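Participant: I'll drop the sequence and a predicted model, then ask my questions.
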Amino acid sequence: MTIIVTKEIDEQGRIQLPKELRREMKWSQGDFISIFKSDNFIILDLFEKAKEQHCSICSKLKCIMRIDDFGFCESCVELMKYEIEDIGQHINLNTHSNV
């Protein structure tokens, strides 16, 4: 994940999304944005896309994350995080055993 810009939250709790980002995301004035929270991060998505997107793994609605054309629900994101951690631990164990 790449940090594009750092913005200050104003007195009313707002942040301004950079014009380039809005253009790239094809977001326009008047669009509704869904806000999803997972652990220590938030995900912003155009409301219609979020509402219609099914999880690519379990087919549930309410995806919180999208990678390219694939959407993932919160349960599957959590499962993937644990799987990635297990793979990382396995790699570390193999690396240390070869030393």
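Facilitator: Sure thing, it's come through. Residues are numbered from 1 along each chain as shown.
Participant: So, low pLDDT: which residues of the protein?
Facilitator: 1-3, 48-53, 61, 92-99 (pLDDT under 70).
Participant: Over to Asp45. Which of the three states is it?
Facilitator: Taken by DSSP: H, G, I helix; E, B strand; the rest coil, the conformation at Asp45 corresponds to strand.
Participant: Now do the same contact list for the most centrally placed residue in the chain.
Facilitator: Closest to where the C-alpha atoms of the chain average out (Cα atoms, centre = their mean) is Met65, at 3.9 Å. Applying Cβ atoms under 8 Å, 6 or more residues apart in numbering to Met65 gives the contacts 36, 38, 43, 71-72, 77. Where C-beta positions appear, they are placed from N, C-alpha and C, glycine not excepted.
Participant: count of residues packed around the spatially closest residue to Ile4 that is not a sequence neighbour?
Facilitator: In space, and not counting its chain neighbours, Ile4 is closest to Leu21: 6.1 Å by Cβ to Cβ, 6 or more residues apart in numbering. Neighbourhood size, Leu21 [other Cβ atoms under 10 Å]: 12.
Participant: Please, which helix or strand holds Leu21?
Facilitator: Leu21 is part of helix 19-25, with elements assigned from DSSP states H and E.
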